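Chemist: Dropping a prediction and its sequence here:
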Amino acid sequence: MSDNETPSQDPADAGSLAGVLSAVFKKQMQGVDGMLPAAVVRYDRQNNTATVRPLIQVMGTDGKSLGRSLLLAVPVLALGGGGFVVNFPLKPGDLGWIEASDRDISLFVQALAEAKPNTCRLHSFSDGRFIPDVFRRYVIDSSDADDMVIQTIEGNTRIVVRANAVDIKTSGDVAIDAGGKIGLAAAASITLAAPVVTIAGDVSVEGRGFMEHVHTGVEPGPGNTGGVA
C-alpha cells in the first residue's frame with residue numbers, strides 16, 4: 001500500500017453514505033470546467049481568437065502539480081453592438097479569464113448563428129471564451145481617482161470623463177483625421193495654446209475667408225508692416 005498514491009477522497013467521507021455521495025460529487029465536479037485565470041500565448045486579431053494557457057495547475061493525489069494544456073483558437077470577448085466595437089491588441093503574456101460554455105459551441109462559432117451542439121460535451125474549456133483582464137497591472141493618476149478613465153497601462157495617454165468635463169491627455173501627438181467637417185462649439189471662449197499653430201488652407205471667420213481679408217482706408221506703399229510687439 002505504501003507504493004500507491006494517496007486516494008483523493010477525504011478520509012472524513014469514509015464510512016457513511018453521505019460521505020460516499022460527497023466524494024462522488026466532488027469527483028464529478030473535477031471534470032466540470034467553469035472559469036480560471038489564463039495568459040495569452042498567441043493572438044489572431046483578424047479572427048479574434050487566442051491560444052491561452054490556464055494559470056491554475058492540476059493537483060495530483062501524490063501532491064505534485066501539473067500545468068494544464070494550451071487551449072487553441074479560443075474566441076476573445078470583444079464588447080460591441082449597434083455597429084460599434086471595443087477591441088484590444090492582445091500580446092503574449094496578457095492576462096484574463098478562460099470561461100467554459102454550458103454546451104458545445106463549435107458550430108455556432110463557425111456560423112455566428114443559432115446552431116445545435118456538435119457533440120455531447122458539457123462545461124468544457126474546449127468551448128470557452130477568453131475575457132481580457134489587466135487585474136491590477138495599471139496606474140491611475142491621483143487626479144483621476146474619481147473619474148472614468150480610458151488609458152494606456154502606464155497612463156501616459158488617457159481620456160478622462162469627469163462629472164463636468166472631458167480631458168484628453170498624452171505625452172505624444174493627437175491627430176484628428178476627418179473626411180468631413182470638424183466643428184468646435186463652446187459657450188465660452190476657445191483657447192489654443194502652443195508655441196506654433198500651423199493651419200494649412202484658408203480660415204473662415206464669420207463667413208469670410210482669411211485669404212480674402214482686406215483692410216480699407218489704407219495707403220499702399222513699398223514698405224512692410226512691423227512685427228507683433
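Modeler: Noted; the coordinates are in hand. Numbers count the residues shown, from 1 in each chain.
Chemist: Next, the contact list for Leu77, please.
Modeler: Counting by C-beta atoms under 8 Å, 6 or more residues apart in numbering, Leu77 touches 129-132. C-betas here are computed from N, CA, C, even on glycine.
Chemist: In ChimeraX, how would I select the buried members of the residues you listed?
Modeler: Entered in ChimeraX, the line below selects the buried ones among these, by 16 or more other C-beta atoms under 10 Å:
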select :129,130,132
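Chemist: Let me have the contacts of Leu77 in JSON lines, extended by distance to Pro117 and pLDDT.
Modeler: Below are these laid out as JSON lines (distance: C-beta to C-beta, whole Å; pLDDT from 0 to 100):
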{"residue": "Arg129", "distance to Pro117": "16", "pLDDT": "97"}
{"residue": "Phe130", "distance to Pro117": "20", "pLDDT": "98"}
{"residue": "Ile131", "distance to Pro117": "22", "pLDDT": "98"}
{"residue": "Pro132", "distance to Pro117": "26", "pLDDT": "98"}
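Chemist: Turn the contacts of Leu77 into CSV, columns for secondary structure.
Modeler: As requested, those are exported to CSV (DSSP: H, G, I helix; E, B strand; the rest coil):
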residue, secondary structure
Arg129, strand
Phe130, strand
Ile131, strand
Pro132, strand
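Chemist: Show me which pair in the contacts of Leu77 is furthest apart.
Modeler: Longest distance between any two of these is 10.6 Å, between Arg129 and Pro132; criterion C-beta to C-beta.
Chemist: Now for these two: what residues contact both?
Modeler: With C-beta under 8 Å, 6+ apart, Arg129 and Pro132 have common neighbours 76-77.
Chemist: those strands in this protein, which residues are they?
Modeler: Assigned by DSSP state E, the chain shows strands spanning 35-44, 49-54, 58-59, 65-66, 71-75, 80-81, 84-85, 95-103, 122-132, 148-151, 158-161, 166-169, 204-205, 208-209.
Chemist: what about the ones you listed, which gets the closest to Gly180?
Modeler: Between these, strand 204-205 lies closest to Gly180; by C-beta to C-beta that is 15.5 Å.
Chemist: Note down every partner strand of the closest one and its orientation.
Modeler: Its sheet considered, strand 204-205 pairs with strand 208-209 (antiparallel) by DSSP bridges.
Chemist: Now do the strand it pairs with: everything it contacts.
Modeler: Contacts of strand 208-209 (C-beta under 8 Å, 6+ apart): 202-203.
Chemist: which ones are touching the residue positioned nearest the centre of the chain?
Modeler: In the chain, the centroid-proximal residue (C-alpha atoms, centre = their mean) is Phe88; its distance is 4.7 Å. The contact partners of Phe88, by C-beta under 8 Å, 6+ apart, come to Pro132.
Chemist: Okay, now the unreliable bits of this structure?
Modeler: 1-10, 13, 15, 20, 23-25, 27-30, 227-229 (pLDDT under 70).
Chemist: Break it down into its domains, please.
Modeler: Domain assignment of the chain by automatic domain parsing yields the ranges 33-132, 138-173.
Chemist: Give me whichever of these is most buried.
Modeler: Neighbour counts averaged per stretch over these are highest for domain 33-132, at a mean of 15; criterion: mean count of other C-beta atoms under 10 Å.
Chemist: what's the distance between Ile131 and Val41?
Modeler: Distance, Ile131 to Val41, using C-beta to C-beta, to the nearest Å: 16 Å.
Chemist: let me redo that: Ala187
Modeler: For Ala187, the distance to Val41 - C-beta to C-beta - is 52 Å.
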